[in-house]
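1. model the following, please.
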Amino acid sequence: MNKFNAKKYTLYANFLNKLANELTKFYYSKLNKTFKVSNKLKGKGYDPVTTSDRAFEKFIRSKIQKKFPLHQVIGEEFGHKKSKSDFTWVIDPIDGTRSFVIGNPTWSNLISLNYKGYPILGLANFPVLKKYYLNYSDKNAYVVDNGKRQKLSVNKKATVSNLKLSAAFHGALSLNQQKKIPKILKLMQFPCSDALSYSHLAEGRLDAVMQCSNKIWDIHPLIPIIKAAGGIVSTWTNKDAVNAGNILVSSNQSIHNKFLKLLKPISK
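-> Numbers count the residues shown, from 1 in each chain. Here you go, the predicted model:
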């Protein structure tokens, strides 16, 4: 990663901290009502988007534009606003749109600040749960739950023999592929709730999280939070998670290495 002036962390982290509260207020004042749903894939699968997704992204973009007008922005719904800046904001206005559609409270607003292409700060805001996760540097991350702030740390006591795994394939693995990883299937005993599962690992509640087909806006905001909490994050082939795709997150290197090995039959 290119060097980033650590003194600037505070400026951007304070912006995201304030934005988390503004997003929750925006949801309850403007979006906590009936919304329209459409399918991006138009009959070739199901990838829902709602009027709330678009409203959230417009709101986030307006806040960034006001504070950092020269920065680049990449959002799931409205594409790439390019500039010559080394800073890029990556936005998933509603991560877990399926959960949002059916009233499950685990959906979130995800935002990362990237410097020269690499995520340095991340926010995962859960309006209905009234909590958010945010890193303030590459060593410090916090969860703010109903106004109470607590430092994030992965479960340092986790081992391969006693771990809690959360996993979801999002329809990306065929039954034949799944049959090649029976040990992983047996360990999949905890529910997977999109960004909340990654956040729970950073909080020490889970020890490994595995997901398929993440886009950059699904994982970039979580990378700096997970790493600041002491976690390990990569693709299933042990490449940098900045590339997105199939993602593995673990609370320590030993667990990570174990799952990379178990995933080899389907990650070539």
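2. show me the helices in the chain, by range?
-> Secondary structure of the chain, counting by DSSP state H: helices at 9-26, 51-67, 97-102, 175-178, 182-187, 195-202, 216-219, 223-228, 253-263.
3. so Ile223 versus Gln253, what's the distance?
-> With distances defined as CB to CB, to the nearest Å, the gap from Ile223 to Gln253 amounts to 16 Å. Glycine gets a C-beta too; all of them are placed from N, C-alpha and C.
4. scratch that, Gly79 is what I was asking about
-> Using CB to CB, we find Gly79 at a distance of 37 Å from Gln253.
5. what residue of the protein is the furthest out?
-> Distance from the centre of the chain peaks at Asn176, with 28.3 Å (CA atoms, centre = their mean).
6. for that one, what are its contacts?
-> Contact partners of Asn176, counting by CB atoms under 8 Å, 6 or more residues apart in numbering, are absent.
7. wait, Ile266 sits on Leu175?
-> No - between Ile266 and Leu175 no contact is recorded; they are 11.9 Å apart, counting by CB atoms under 8 Å.
8. look at these two and report which has more neighbours.
-> When neighbours are counted by other CB atoms under 10 Å, Ile266 comes out ahead of the other of Ile266 and Leu175, with 18 against 6.
9. quick one: mean pLDDT over stretch 91-99.
-> On average, the pLDDT along stretch 91-99 is 95.
10. so how far is it off the chain centroid?
-> Centre-to-centre, stretch 91-99 and its host chain are 10 Å apart (CA atoms, centre = their mean, to the nearest Å).
11. what does stretch 90-107 give?
-> Taking the mean of its C-alpha atoms, stretch 90-107 sits 11 Å from the chain's own mean (CA atoms, centre = their mean).
12. strands of the stretch 101-250 of the chain, start to end?
-> 108-115, 118-126, 131-135, 141-145, 148-151, 165-168, 208-214, 232-235, 245-250 (DSSP state E, counting those that start in this stretch).
13. other SSEs contacting the fifth one?
-> Packing contacts for strand 148-151, counted by 3 or more CB pairs under 8 Å, 6 or more residues apart in numbering; DSSP states H and E, involve strand 141-145.
14. the fourth one too?
-> Taking 3+ CB pairs under 8 Å, 6+ apart as contact, the helices and strands that strand 141-145 lies on are strand 131-135, strand 148-151, helix 195-202, helix 223-228.
15. save those as TSV, and put in mean neighbour count and distance to Glu22 too.
-> Listed next are the helices and strands packed on strand 141-145 as TSV, based on neighbours: other CB atoms under 10 Å; distance: least, CB to CB, whole Å:
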stretch	mean neighbour count	distance to Glu22
strand 131-135	26	11
strand 148-151	10	17
helix 195-202	28	19
helix 223-228	25	19
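16. so which of the ones you listed is nearest Gly45?
-> helix 195-202 (21.3 Å; CB to CB).
17. output the strands of the stretch 101-250 of the chain as TSV; include the columns mean pLDDT and distance to Ile64.
-> What follows is the strands of the stretch 101-250 of the chain, written out as TSV (pLDDT from 0 to 100; distance: least, CB to CB, whole Å):
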stretch	mean pLDDT	distance to Ile64
strand 108-115	98	9
strand 118-126	97	12
strand 131-135	98	16
strand 141-145	98	21
strand 148-151	96	24
strand 165-168	95	30
strand 208-214	96	22
strand 232-235	98	25
strand 245-250	97	25
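18. tabulate those strands (a markdown table), appending distance to Thr159.
-> Supplementary listing: the strands of the stretch 101-250 of the chain in a markdown table, determined by distance: least, CB to CB, whole Å:
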| stretch | distance to Thr159 |
| --- | --- |
| strand 108-115 | 29 |
| strand 118-126 | 26 |
| strand 131-135 | 25 |
| strand 141-145 | 23 |
| strand 148-151 | 23 |
| strand 165-168 | 13 |
| strand 208-214 | 11 |
| strand 232-235 | 14 |
| strand 245-250 | 11 |
